[in-house]
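Colleague: pasting the sequence and the predicted model now:
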Amino acid sequence: MKALQAVTRIAFLLKRDARKVFFRFSSPNRNALPRKNFKFSAYLSIYNDWELLVPVLQSIAGYVDELVVVDGAYDWMAPYLTATGSDPLRSDGRVYAALNASGIPFRTINRTWKNEAEKRVAGYEACTNRFVFRIDADEVLYFYDDALAAFLGSGCAVAEMQMPLYAAPGWIVRAIGIRGLVRRIPSQLCLFDREKISAGAHLKYLWLVLPGESPSADQQPTFSVYERPIAFCAHLSNWRSAETAANRGAFYVMNWMRHHQVSWLPDLRAVPAGDFEALFNAIPATQFRNALSRGKFPLGTITLSRREALAPSPLSQEQEQAFAGLYQVFLDRLAAQNHDATDRPQALIFGEPVFFDISTTASRQSLAAAGDVTISTSVPLASLTLRIHTLAAVAPFYVVEDLPYLVAGTGLRFDLPVSPPAGRRMLRQVVEMVGYFGKSGDSGGWCTFFLAAPSKGPSSFAESR
């Protein structure tokens, strides 16, 4: 069955990109049509994701004549969101402040949803113009007007945009090896012709997180993708604060749990989490959210796979100014998160990582003014993994190293490493901590921890070694 699915998928991709194979090196389409001759719709699937929304909407304001906002959480997340103080039917007011400030005419659909496929179909169906953009709340677009005009005159039904993930201002993640030879900059489908592609059929062209849930796509012909990207998309997915990144993390983590297991709770290790009642009997929803806010999602791009490297962004400095300030806000919030851990208890799920950013002077000093970090846990830790991740703008782009530490009872101490030399061109540096209560992390499931206020004296840990 898996082999058949793989063959079917490859056949779909080859057919979808057939035009690109033949026309990639051809001259631009001579039948270009002015954009002003057309009206465009867009739909935005969103829930409590406001931080990057202002520049996203600014980037499409001159191209979109109507915007359909598909708001609301998924049905299965509603109890968790209510328990953590959110309204499952409607996003935070900051989402609507950004929408109102954009000047784009918009209307909303507010309800809870089965999954993302249902949201996207509803948004697509609600659009009234022939051409429909799919946009997300973390994608800033720079349009290639000549390519867009050529697409409009080509008769093609679907167009794509270049969409690399941003690691830091001026630096994108690119593919290397065979994958990089085929396409160094990732792309995503973004524009559809509603006269040719129905709402259900357009799902075939999108990447969706739907484990165990196959969307029912309409049986329509597969259309080839226009050979030239119509836009460059700065994908700022990892520049969210802990508050909104925890929303994103909850979706991914809980979606996995409901179809697989909760590995760190013995009673839920053999069966899917289902309605999560057992999960939140074991750990309060607010503490679960606290743990997610210190997990991998709020830390942004700190790792690269063996098939990835960093490359300079193709955008000009002037173009990147539209969102460069967002990155500094992101780093400032990570430094504030270190401070927060000295004022209130933080949740640590046994076997799951928590992270501390040390990318900036502010974040290092908020964690340890003199380089010595002290952490107190509510229960003694039986074992610990402590590592530092470094992301740099020169090869090797990504390095992970173990950090030495001392642990005694409920106390943990370690030294922060000296910052890399200037020639290393460090972009990000993060400490990862994974703690266990028992030999396999079975007992209790989670605990809390405090950071001691940053020491201003010499590092006692360094002296004790």
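Modeller: Looks like it arrived, so ask away. Numbering: from 1, shown residues only.
Colleague: measure residue 384 to residue 223 for me?
Modeller: 53 Å (C-beta to C-beta, to the nearest Å). The way it works is simple: take the backbone N, C-alpha and C, and place the C-beta from them, glycine included.
Colleague: looking at the two, which one has more neighbours?
Modeller: Counted by other C-beta atoms under 10 Å, residue 384 and residue 223 do not tie: residue 223 has more neighbours, with 21 against 15.
Colleague: surely that one meets residue 156?
Modeller: Yes. Counting by C-beta atoms under 8 Å, residue 156 is a contact partner of residue 223 at 6.9 Å.
Colleague: for the stretch 151-300 of the chain, what spans make up the strands?
Modeller: Using DSSP state E, counting those that start in this stretch, the strands found in the stretch 151-300 of the chain span residues 158-162, 166-168, 171-175, 187-193, 231-235.
Colleague: pLDDT of stretch 268-277, averaged?
Modeller: Averaging pLDDT along stretch 268-277 gives 82.
Colleague: brain fart, stretch 72-83
Modeller: Mean predicted lDDT for stretch 72-83 stands at 95.
Colleague: quick one: residues in contact with it.
Modeller: 47-48, 86-91, 109-116, 119, 250-251, 254, 258, 275-276, 280, 284-286, 288 (C-beta atoms under 8 Å, 6 or more residues apart in numbering).
Colleague: now the buried members of those residues.
Modeller: Buried by 16 or more other C-beta atoms under 10 Å: 47-48, 86, 88, 90-91, 109, 112-113, 115-116, 119, 250-251, 254, 258, 276, 280, 285, 288, out of the contacts of stretch 72-83.
Colleague: compare the strands of the stretch 151-300 of the chain and give me the one nearest residue 69.
Modeller: Smallest distance to residue 69 across the strands of the stretch 151-300 of the chain (C-beta to C-beta): 17.2 Å, for strand 187-193.
Colleague: which of the strands of the stretch 151-300 of the chain sits closest to residue 359?
Modeller: Closest among the strands of the stretch 151-300 of the chain, using C-beta to C-beta: strand 166-168, at 9.0 Å.
Colleague: quick check: which element contains the nearest residue to residue 169 once chain neighbours are set aside?
Modeller: Nearest residue to residue 169 in three dimensions, chain neighbours excluded: residue 324, at 4.7 Å (C-beta to C-beta, 6 or more residues apart in numbering). Assessed by DSSP states H and E, residue 324 sits inside helix 317-343.
Colleague: so that helix versus strand 231-235, what angle?
Modeller: 20 degrees (axes from the mean of the first three to the mean of the last three C-alpha atoms, to 10 degrees).
Colleague: mind listing what's buried in helix 317-343?
Modeller: 320, 322-323, 326-327, 330-331, 333-335, 337-341.
Colleague: same question, stretch 118-125
Modeller: 118-125.
Colleague: report the contact partners of the residue positioned nearest the centre of the chain.
Modeller: Nearest to the geometric centre of the chain sits residue 237, at 4.0 Å (C-alpha atoms, centre = their mean). By C-beta under 8 Å, 6+ apart, the residues touching residue 237 are 138, 165-166.
Colleague: so, low pLDDT: which residues of the chain?
Modeller: 1-30, 178-183, 209-219, 370, 421-423, 438-444, 455-465 (pLDDT under 70).
Colleague: tally of neighbours for the residue nearest to residue 161 when sequence neighbours are not counted?
Modeller: Closest residue in space to residue 161, ignoring its immediate chain neighbours: residue 231 at 4.1 Å, by C-beta to C-beta, 6+ apart. A count of nearby residues for residue 231, using other C-beta under 10 Å, gives 24.
Colleague: just to revisit the earlier point, next step: the buried residues of stretch 118-125 restricted to strands.
Modeller: Among these, DSSP state E puts none in strands.
Colleague: ok, so of the residues you listed, who is nearest residue 43?
Modeller: residue 123 (3.0 Å).
Colleague: that closest one and residue 109, how far apart?
Modeller: Applying C-beta to C-beta to residue 123 and residue 109 gives a distance of 7 Å.
Colleague: give me the common contacts of these two.
Modeller: Residues touching both residue 123 and residue 109 (C-beta under 8 Å, 6+ apart) are 68, 70.
Colleague: what is the end-to-end distance of stretch 271-279?
Modeller: 12 Å (C-alpha to C-alpha, to the nearest Å).
Colleague: also stretch 128-146?
Modeller: Termini of stretch 128-146 sit 25 Å apart (C-alpha to C-alpha).
Colleague: show me what counts as buried in it.
Modeller: In stretch 128-146, counting by 16+ other C-beta under 10 Å, buried: 131-144.
Colleague: wait, a helix at residue 150?
Modeller: Yes. Counting by DSSP: H, G, I helix; E, B strand; the rest coil, residue 150 is part of a helix.
Colleague: can you tell me the closest non-neighbouring residue to residue 170?
Modeller: residue 313 (5.1 Å).
Colleague: who are the contact partners of the one you found?
Modeller: 164, 166, 169-172, 234, 320.
Colleague: on that earlier part again, and which of the buried residues of stretch 128-146 is nearest to residue 380?
Modeller: Of those, the one sitting nearest to residue 380 (C-beta to C-beta) turns out to be residue 138, at 40.3 Å.
Colleague: does the closest one touch residue 54 like I think?
Modeller: No. Assessed by C-beta under 8 Å, residue 138 is found out of contact with residue 54, at 11.8 Å.
Colleague: ok so, going back, any chance of a markdown table for the buried residues of stretch 118-125, columns distance to residue 40?
Modeller: Converted to a markdown table, the buried residues of stretch 118-125 look like this (distance: C-beta to C-beta, whole Å):
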| residue | distance to residue 40 |
| --- | --- |
| 118 | 23 |
| 119 | 20 |
| 120 | 17 |
| 121 | 19 |
| 122 | 19 |
| 123 | 14 |
| 124 | 13 |
| 125 | 16 |
